[in-house]
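Novice: With the sequence up front, the predicted model follows.
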Amino acid sequence: MVTLQVRDVAVVYGERPSAGTRAVDGVSFDVPTGEVVALLGPSGCGKSSLLRAVAGLEPLAAGAVLWDGADLAGVPVHRRAFGLMFQDGQLFAHRDVAGNVAYGLRGVPRAARAGRVAELLDLVGLAGYGSRPVATLSGGERQRVALARALAPEPRVLLLDEPLSALDRALRERLAVDLRSVLVATGTPAVFVTHDQDEAFAVADRVGVMHAGRLLRLAPPDELWRAPGDRDVAAFLGYEAFVDVAAPSAAPLLAALGARAPRPQDAPGAVVALAEGAFVVTRDAAREDIGGAAGLKGVVRGVTSRRGRSEVRVDVDGVGAVTALAPVGARWEPGDVVPLTIDADAVTVLP
Ligand SMILES: Nc1ncnc2c1ncn2[C@@H]1O[C@H](COP(=O)(O)OP(=O)(O)OP(=O)(O)O)[C@@H](O)[C@H]1O
């Protein structure tokens, strides 16, 4: 069942709407019961403006936000029963952890509050933290408290604006997974704004890619990756090379892709998109089978060490400069010619 509906919403900043910045330009999407939707896009694409418009914090220049079919125009923020969570959890510094969470339980009888606070802290992985002053918490713990507080009043939908952005990468990845579990466990539908692809993919049932105020594509993570639909979306997701199927120089690549490659006569104008890491260099340069019958090769520009692998910047004929993966400790020098295979999961065709 669809609960939240966003219909052709526009947000315009400035004195005169006709001349102002069109931060959001006709965006529509639904959030059905229990679903988490991530809005992903580069800085300035309008994600926060859209979220604020859904919350009722920003006036709509056009369109509508509906809950269960009822237009929310004129319904103020505090009457929407939507939960909000931001990058900085905005905890009350003078209250302890339990006090912060209890703030979200103002309507609950006093006697029931302590039990409910304990339940919520348990849910976000902070059992026993109730009496800690918030000043003594780590960044990740603070955001867990903010999540517990936002969930306390059982919001109809939770709106999250870059809630993990202030944390370091490792913590962000772990918290993204935990956050999803909490949203699923409580059945809370959510809209999650982020500029981080990994975070969006880890958190959401569907990911929407925004660009210049528009929602370009909205799909489940795997589907979005396999079929980004257009080049802007693909590039933002991490596809780094785009090869026109009809170009004569594409022949070796198409030969290496075999049956997966579109035939130029069937798909004129199609483009093969290759993600970072689509090419794989193997250690044993002597092996004839590597690179397939097409003998795909790359000329090394440089090698960078990563955890558990090496990344080799290579020039591939007909493709350009790409980042290929190689086993850890690869020792190639610039100018070396290396054989390449292709990881089929990192290649897609744009119509
Ligand atoms: N209060 C405002 N007044 C005028 N222009 C604004 C205001 N808020 C945002 N904008 C503009 O609207 C556009 C979209 O901004 P928004 O903050 O929604 O993008 P975003 O995708 O959330 O970016 P970021 O990830 O950097 O926060 C930008 O061009 C921004 O400069």
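Specialist: Done, it's in.
Novice: Going by C-alpha atoms from here, please, whenever you check contacts or count neighbours.
Specialist: OK.
Novice: OK, contacts around the residue of the stretch 101-250 of the chain found nearest the ligand?
Specialist: Closest approach between the stretch 101-250 of the chain and the ligand, counting by C-alpha to the nearest ligand atom: His195, at 6.2 Å. Residues near His195 by C-alpha atoms under 8 Å, 6 or more residues apart in numbering: 40-43, 162.
Novice: what bits of the stretch 251-351 of the chain have low per-residue confidence?
Specialist: Within the stretch 251-351 of the chain, the ranges that satisfy pLDDT under 70 run 283-294.
Novice: any chance you could map the strands in it?
Specialist: 271-275, 279-281, 297-306, 309-316, 320-326, 337-342, 347-350 (DSSP state E, counting those that start in this stretch).
Novice: of the ones you listed, which approaches Val9 most closely?
Specialist: Smallest distance to Val9 across the strands of the stretch 251-351 of the chain (C-alpha to C-alpha): 28.0 Å, for strand 347-350.
Novice: Name every strand pairing with the closest one and say which way it goes.
Specialist: Strand 347-350 has its sheet partners listed here by DSSP bridges as strand 271-275 (antiparallel).
Novice: Restrict the strand it pairs with to CA atoms and write it as CSV.
Specialist: The C-alpha coordinates for strand 271-275 follow below in CSV (Å, rounded to 0.1, in the frame of the first residue of the first chain):
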residue,chain,number,x,y,z
VAL,A,271,26.8,2.5,-25.3
VAL,A,272,28.7,-0.1,-23.3
ALA,A,273,29.3,1.3,-19.8
LEU,A,274,32.2,-0.1,-17.8
ALA,A,275,32.4,0.4,-14.0
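Novice: Provide the contact partners of that strand at residue level.
Specialist: 234, 238-245, 261, 346-351.
Novice: Return the set of buried residues in stretch 93-100.
Specialist: 95-100 (16 or more other C-alpha atoms under 10 Å).
Novice: Look up phi and psi at the residue of the stretch 101-250 of the chain closest to the ligand.
Specialist: phi -110, psi 0 (degrees, to the nearest 10).
Novice: What score does it have for pLDDT?
Specialist: pLDDT for His195: 94.
Novice: What are the contacting residues of stretch 231-243?
Specialist: Residues outside stretch 231-243 that contact it (C-alpha under 8 Å, 6+ apart) are 41-42, 197, 209, 216-217, 225, 228, 250, 271-276, 318-322, 350.
Novice: Can you select the buried ones from those residues in PyMOL?
Specialist: Only the buried members of those end up in this PyMOL selection, burial being decided by 16+ other C-alpha under 10 Å:
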select buried, resi 41+197+209+216+217+225+228+250+271+272+273+274+275+276+318+319+321+322+350
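Novice: which secondary structure element contains the residue minimising distance to the centre of the chain?
Specialist: Nearest to the geometric centre of the chain sits Ala200, at 2.3 Å (C-alpha atoms, centre = their mean). Using DSSP states H and E, Ala200 sits in helix 197-203.
Novice: buried set for the strand or helix carrying Leu160?
Specialist: Counting by DSSP H and E, the element that carries Leu160 is strand 157-161. Within strand 157-161, the residues that count as buried by 16+ other C-alpha under 10 Å are 157-161.
Novice: now those residues in TSV, with distance to the ligand and pLDDT?
Specialist: Shown next, in TSV, are those (distance: C-alpha to the nearest ligand atom, whole Å; pLDDT from 0 to 100):
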residue	distance to the ligand	pLDDT
Val157	19	96
Leu158	17	97
Leu159	13	97
Leu160	11	97
Asp161	8	96
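Novice: Any part of the helix holding Ala200 near the ligand?
Specialist: No - Helix 197-203 lies out of reach of the ligand by C-alpha under 6 Å from any ligand atom, never closer than 12.6 Å.
Novice: Each with direction, which strands does whichever helix or strand comes after that helix pair with?
Specialist: Using DSSP H and E, the helix or strand that directly follows helix 197-203 along the chain is strand 206-211. Sheet pairing of strand 206-211 (DSSP bridges) gives strand 36-40 (parallel), strand 214-219 (antiparallel).
Novice: Distance from the first one to the middle of the chain?
Specialist: Put plainly, it is strand 36-40. In terms of C-alpha atoms, centre = their mean, to the nearest Å, the centre of strand 36-40 is found 7 Å from the chain centre.
Novice: Residues touching it, excluding its own?
Specialist: Contacts for strand 36-40 (C-alpha under 8 Å, 6+ apart): 31, 47, 183, 189-197, 200, 203-210.
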